[in-house]
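>>> generate coordinates for the sequence data below:
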Amino acid sequence: MFVEATSYPRPQGPNEDFAFFDSTAAVVLDGAGMAPGMKSGCRHGVAWYVEQLGTRLHAEATRGDTSLTACLATAIESTTNLHRDACVVDDPLSPSATVCMARVRGNVFEWLVLGDCTVLIDNNGVVTATTDDRLAQVAPRAREVLAGTALGSPERQRAHEALVQEERSQRNVRGGYWVAAADPTAASQALTETESASQVQGAALLTDGAGRLVTTFHSTDWQGYMTLLRHGGPEGVLRQVREAEVSDPDLSRWPRSKQHDDATIAYIRP
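Residues are numbered from 1 along each chain as shown. As a prediction, the model looks like this:
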């Protein structure tokens, strides 16, 4: 498979997304950030975590015949062990990431998603999108409070911190949501599927920031999104995301937690 990937960090911020790929497998991760000023039990930070996890996950995926779920579990465990002695890896505020990945073996196209990344598949012209949206189901009241505060205000800072705290209290627990963090058993909660590689005309792995054209700005649907990718590639799509974000600096037209988000696309063609 041929992969074209682009990642746009938030302006004036580190990129907490990560993409890694070759002709066999591609992985895209979105690190879970926090409100400014919040501290975790990890001295390395989110960007370090997603790079370490993503690199190990890709290596596992290209190594042999292990399922993608098992690859993710192994990568989570090895990344956790890498800094267990130096950091409080089980702290709810410790780094975590949403994950999507794809792999081709013979005529089998496999994919996995854990957390609010999205996998797009163009199967003979019919585009389907799969997102693990369990995070969006938790802390609804805290989200409402954040949405009702003014951008840049002390009230918004406090509301953002409260939302993060409530979300993290429900991370990787029954009835909550699941992401890659310290516990490798979270991998068993991933959504997975296989397709006939000969039927897949294209695919894409997206972080939620890259999916905003559909999920937040509603300027197209997933079928149209794939058309944009075919014609403009990931770079063209992400430019449109940034243009929409810039056009709504006070978040009034399209309410969201922050003006800009890290945005990453890995566009896969046969």
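
>>> separation between the nearest residue to residue 147 once chain neighbours are set aside and residue 222?
In space, not counting the residues next to it along the chain, residue 147 is nearest to residue 255; the distance is 5.1 Å by Cβ to Cβ, 6 or more residues apart in numbering. For the C-beta atoms, the positions are set from N, CA and C on the backbone; glycine is no exception. Remark: distance between residue 255 and residue 222 (Cβ to Cβ, to the nearest Å) = 21 Å.

>>> the more surrounded of those two?
In terms of neighbours (other Cβ atoms under 10 Å), residue 222 is the more surrounded of residue 255 and residue 222; the figures are 22 against 12.

>>> residues contacting that one?
120, 127-129, 214 (Cβ atoms under 8 Å, 6 or more residues apart in numbering).

>>> in this structure, which helix is the longest?
Among the elements of the chain assigned as helix by DSSP state H, the one spanning the most residues is helix 222-246.

>>> for that one, buried residues please.
Counting neighbours by 16 or more other Cβ atoms under 10 Å, one finds that the buried residues in helix 222-246 are 222, 225-226, 228-229, 234, 237-238, 240-241, 244-245.

>>> after the biggest strand by length in the chain comes which helix or strand?
As far as residue count goes, and with DSSP state E defining each element, the longest strand of the chain is strand 97-105. Downstream of strand 97-105, the next assigned helix or strand under DSSP states H and E is strand 108-114.

>>> run a quick neighbour tally on the residue nearest to residue 2 when sequence neighbours are not counted.
Nearest-residue entry for residue 2: residue 269, 4.8 Å, with adjacent residues in sequence omitted and distances by Cβ to Cβ, 6+ apart. In terms of burial, residue 269 registers 15 neighbours under the definition other Cβ under 10 Å.

>>> repeat that for residue 75.
Applying other Cβ under 10 Å, we find 26 other residues in the vicinity of residue 75.

>>> the one 5 residues further on now?
Applying other Cβ under 10 Å, we find 21 other residues in the vicinity of residue 80.

>>> just checking, it touches residue 184?
Yes - taking Cβ atoms under 8 Å as the definition, residue 80 is a contact partner of residue 184 at 7.5 Å.
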